[in-house]
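S.K.: Attaching a predicted model along with its sequence, questions to come.
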Amino acid sequence: MVHEPLDSDPMGIYTRLSAAETDGWKRARVFVEKDVAPVIADYWEQAQYPLHLVRKMGDLDLLRDGVTVAGAPEVSRVAAGLVSMELARGDGSMATVVAVQGGLAMRSIELHGSSEQKERYLPKMASGDLLGAFALTEPTHGSDSVRLESKAVPTDGGWLVSGQKKWIGNGSSGGVTVVWARSVVDEKVKGFVVPQESPGYYAKTMEGKTALRAIHQAHIRLEEVFVPDSAVLPGAQSFRDTSTVLFTTRVGVAWAALGQATACYEAAVHYAQQRYQFGRPLAGSQVVQERLARMTAELAQAQLLVLQAARGEDAGTLSGAQASLAKFTATRAARSIAQNARDLLGGNGILLKHLVARHFSDIEALHTYEGTETIQALIIGRHLTGSSAF
């Protein structure tokens, strides 16, 4: 079946973007069609991490999610979001790579690192020569990560960090991990840049995933890992500082949901035009046209909301509740579109070669990470009522 991208812009919002905003999107589109599409289904099916594609993204300057790096052009949140959207249209794991590498690991260093740390790590991470991970979630602390139990104990010349982390993208792939741990001195959460080859750092790639199979997540055990003072992020002095990193990734996840929704919608349109039943194409059926119209409406709504949220980010006016609303709405829309597309494809909808099955699974992970649907709803509800329910 043909899978070429369509002009999936029901309200014409992309025609009003600037050249600076669409430059990375165009590079990502070529990369997805040339490098990702021909191979990604095999990597996904075999649960293998195509690191050569990560390095290619670095060569194309697609990894940094708008993080400022010396010598590289400034990238707006809209421009970074369009890249995430396009990569997700190709594969959810590839968009997650950027969310982890740029949105979480690099941004932690950008926002809270010293000048020396930025100079040491950010250029290599932007190029893909150094992988980065963000270790916050723990086996017993996901949505309530504010209660993390990993401990940092001061010692001569640095700290000894101990604890466990789970679901850590790139955490077992080589490189550095930004570890968040609670100081025993003041009980405040602090950030530590930990090379993965450090003694006491043990990481196991998680197996048996049904989603995001083309990127590796790790279960990490830290046993008194020594971190010198020079590797402590000076701007990370409390969980509030950790939250500033998470806030910037929320709309990025909404963009990724939009990309995967677009892929499912386009697959459904192609299939309806090419699949014949009862002597005519599916596209000639009223019920199929109604489904496609419904999917188009959901896609347009998500596009408008996510772009508006990114504009707010660029203007510095986006609130936490607005970021949560963007993620909450976009992932719900992606879920709905994927479900409709899967059903429209009938039995073929569960085959990887038709794309929808892979996106259908990946959207479930997207719907959960960077704050579950329930947590996003509670953030929105707190804003609406003035009362916190968590």
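M.R.: Happy to help now that I have it.

S.K.: my guess is residue 325 contacts residue 380, does it?
M.R.: Yes - using Cβ atoms under 8 Å, residue 325 makes contact with residue 380 at a distance of 5.7 Å. Yep, even glycine has a C-beta here, placed from its N, CA and C like the rest.

S.K.: between these two, who's got more neighbours?
M.R.: Higher neighbour count among residue 325 and residue 380: residue 325, with 21 against 18, using other Cβ atoms under 10 Å.

S.K.: what about the longest helix in this protein?
M.R.: helix 239-274 (DSSP state H).

S.K.: Extract the CA atoms of stretch 234-254 and return them as PDB.
M.R.: Provided in PDB are the C-alpha atoms of stretch 234-254 (Å, rounded to 0.1, in the frame of the first residue of the first chain):
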ATOM      1  CA  PRO A 234      24.500  24.200  40.000                       C
ATOM      2  CA  GLY A 235      21.100  25.400  39.000                       C
ATOM      3  CA  ALA A 236      19.200  22.300  40.100                       C
ATOM      4  CA  GLN A 237      18.500  22.900  43.800                       C
ATOM      5  CA  SER A 238      15.000  21.600  44.300                       C
ATOM      6  CA  PHE A 239      12.300  19.600  42.500                       C
ATOM      7  CA  ARG A 240      10.900  22.900  41.300                       C
ATOM      8  CA  ASP A 241      14.000  23.100  39.100                       C
ATOM      9  CA  THR A 242      13.400  19.500  37.900                       C
ATOM     10  CA  SER A 243       9.800  20.600  37.000                       C
ATOM     11  CA  THR A 244      11.000  23.400  34.700                       C
ATOM     12  CA  VAL A 245      12.500  20.700  32.500                       C
ATOM     13  CA  LEU A 246       9.400  18.600  32.500                       C
ATOM     14  CA  PHE A 247       7.200  21.700  31.700                       C
ATOM     15  CA  THR A 248       9.200  22.400  28.400                       C
ATOM     16  CA  THR A 249       8.700  18.800  27.200                       C
ATOM     17  CA  ARG A 250       4.900  18.600  27.700                       C
ATOM     18  CA  VAL A 251       4.000  20.500  24.500                       C
ATOM     19  CA  GLY A 252       6.700  18.500  22.700                       C
ATOM     20  CA  VAL A 253       4.800  15.300  23.600                       C
ATOM     21  CA  ALA A 254       1.700  16.900  22.200                       C
END
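
S.K.: Surely residue 209 forms part of a helix?
M.R.: No - under DSSP: H, G, I helix; E, B strand; the rest coil, residue 209 sits outside any helix and is assigned coil.

S.K.: Contact partners for it?
M.R.: 47, 217 (Cβ atoms under 8 Å, 6 or more residues apart in numbering).

S.K.: Tell me how far it lies from residue 260.
M.R.: Applying Cβ to Cβ, to the nearest Å, the value for residue 209 to residue 260 is 16 Å.

S.K.: starting at the chain centroid, how far to the least confident helix or strand in the chain by mean pLDDT?
M.R.: The helix or strand with the lowest mean pLDDT-type score in the chain, counting by mean pLDDT, DSSP states H and E, is strand 276-277 (a mean of 86). With Cα atoms, centre = their mean, to the nearest Å as the basis, strand 276-277 stands 37 Å off its chain's centre.

S.K.: tell me the mean pLDDT for the helix or strand just after that strand?
M.R.: Where DSSP states H and E defines the elements, the next helix or strand beyond strand 276-277 is strand 280-281. The average of the pLDDT scores along strand 280-281 is 88.

S.K.: Same check on stretch 285-296?
M.R.: Per-residue scores along stretch 285-296 average to 94.
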